[in-house]
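Student: build the 3D model from these lines:
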Amino acid sequence: MKKPLHIQILEAVEASNTFPIIDINIDGFTRTEITSEVIGLDDGLLLSAQNIIDIHGVPSSSSIRRITPEGRLYLEKWRAEEKARNSVKKLSKWAWAAIIAASSAFILGIIGAIGTHLGDQLWYFLKNTLHLH
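Tutor: Numbers count the residues shown, from 1 in each chain. Here you go, the predicted structure:
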C-alpha cells in the first residue's frame, strides 16, 4: 500500500538534517498538492512552516522549519498502526490459505467417499450381472 501524502511529507521532514526545507519532491504529486498538504499539516500543528499563498488563493510555496512533537507522535502512532495492519494482512492471507486447503481436503474427501461407494456398487453390480462369485 502506498503511503498517504501527509505521512510521506512528515517522514521526509523527520529524515531531513537541513532546515528550512523549501522544496519537497514526492513522486505522483504536484507541487500544489504538496504545498496544500503542508499547509494542512501546519494548521494541524504537526509541522511548523511558513506558507505563501498567491493572489488567487492557490498555495505557491512553503518553507518547513521543523516537525513538531505532535507530528512525531502522530507519525509514530501511524507507523504502529501500519505495522498492525500489515500483521493482520499477513495473518488473513494465511487464514485464507488454511480455509482453502481445508475446503479442498473436505471436498476431495467427499468425492473420494462417493467414488469409493459408487465404485463398490459398480463392482457389486458387475459381479452379480456377470455371475463372478
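Student: and the contacts of stretch 67-86?
Tutor: With Cβ atoms under 8 Å, 6 or more residues apart in numbering as the test, stretch 67-86 has contacts from I7, L10, E11, V13, E14, L41, L45, L46, L47, S48. (Glycine included, C-beta is placed from N, CA and C.)
Student: next one: stretch 100-110
Tutor: So stretch 100-110 is contacted by nothing (Cβ under 8 Å, 6+ apart).
Student: scan this protein for its longest helix.
Tutor: helix 69-129 (DSSP state H).
Student: give me the distance from that helix to the chain's centre.
Tutor: On the basis of Cα atoms, centre = their mean, to the nearest Å, helix 69-129 sits 22 Å off its chain's mean C-alpha point.
Student: state the distance from the residue nearest to D54 when sequence neighbours are not counted to D43.
Tutor: Nearest residue to D54, sequence neighbours excluded (Cβ to Cβ, 6 or more residues apart in numbering): S60, at 4.5 Å. The spacing between S60 and D43, counted by Cβ to Cβ, to the nearest Å, is 17 Å.
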